[in-house]
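*Asks:* Sequence and computational prediction follow.
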Amino acid sequence: MPVYYLPQVNVFPDLIHQCCENYDPNQRAFLAPLGSLLFHVTPQAINQMLEFQTAKPLTPLSMQLLLDQGVNLSSSHITRIAQLFIQPDCQPQQPPPYLHVWFNDIGKVLVNMISYILGYNTSEYVDETILVMLSMFAPGRPPVVQYDYATFIAEKIHEQFMNLERERVFKYTSYIYHLLMYNQPDSFPVFLKKLDAKGKRRSVIF
């Protein structure tokens, strides 16, 4: 999951609206004003940029899945999550949501990453959907579930561009900036080295 937690960038609404005007939903791609392809926004394009590869099967991720599992979170599951990721003097005595400030350092990092991937505006309150994803972690161990984050993010970007005029909200600006830098390095007025020492395409994510 940390692979998909991109550095935050300043939001320039004009750029996002220009991207929206030149978004081809059929190709899931952004086009230049004259019609040439700038970059795709697909799971494959995202994973290529992040240099993420895995032979393991990935579990589909959706908000409906998290909502359904959140409703069924047992008190014992919540207690385990709290013991692992919430400070000892802030152990909850009531159902979620819980305050972000209650979480320990590891818990805050995970909550921030999960909130970012899910496209939440804030992580001030931790609800059941975040707790479901927290439940797959334990310090020092790999997550018990490997979600398909790239497909989830690509679908969210598509949905938000399709509804931008009505909802006026876009939450994945960092992905647009980094995909643009990765796919169009020659378009910037500064030199961007495209290949590494082995001749491999360099990622813009460090």
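*Replies:* Yep, that arrived. Residues are numbered from 1 along each chain as shown.

*Asks:* got the contact list for the spatially most central residue of the chain?
*Replies:* Here the mean C-alpha position of the chain is nearest to the C-alpha of Ile117 (CA atoms, centre = their mean), at a distance of 2.4 Å. Residues near Ile117 by CB atoms under 8 Å, 6 or more residues apart in numbering: Met1, Tyr4, Tyr5, Tyr149, Phe152, Ile153. Heads up, the C-betas are built off the backbone N, CA and C, glycines and all.

*Asks:* Got the phi and psi for the third one?
*Replies:* Main-chain torsions, Tyr5, degrees, to the nearest 10: phi -90, psi 90.

*Asks:* Out of the contacts of Ile117, flag the one nearest to Gln94.
*Replies:* Gln94 lies nearest to Met1 out of those, by CB to CB, at 27.8 Å.

*Asks:* related to what we said a few turns ago, now intersect the contacts of Ile117 with the helices, please.
*Replies:* Among the contacts of Ile117, the residues falling in helices (DSSP state H) are Tyr149, Phe152, Ile153.

*Asks:* farthest pair in the contacts of Ile117?
*Replies:* In those, two members sit farther apart than any others by CB to CB. They are Tyr5 and Phe152, at 13.5 Å.

*Asks:* When these two are compared, which one has more neighbours?
*Replies:* Counted by other CB atoms under 10 Å, Tyr5 and Phe152 do not tie: Phe152 has more neighbours, with 21 against 17.

*Asks:* I'd assumed Leu65 was in contact with that one.
*Replies:* No: contact criterion CB atoms under 8 Å: Phe152 and Leu65 do not qualify, at 9.8 Å.
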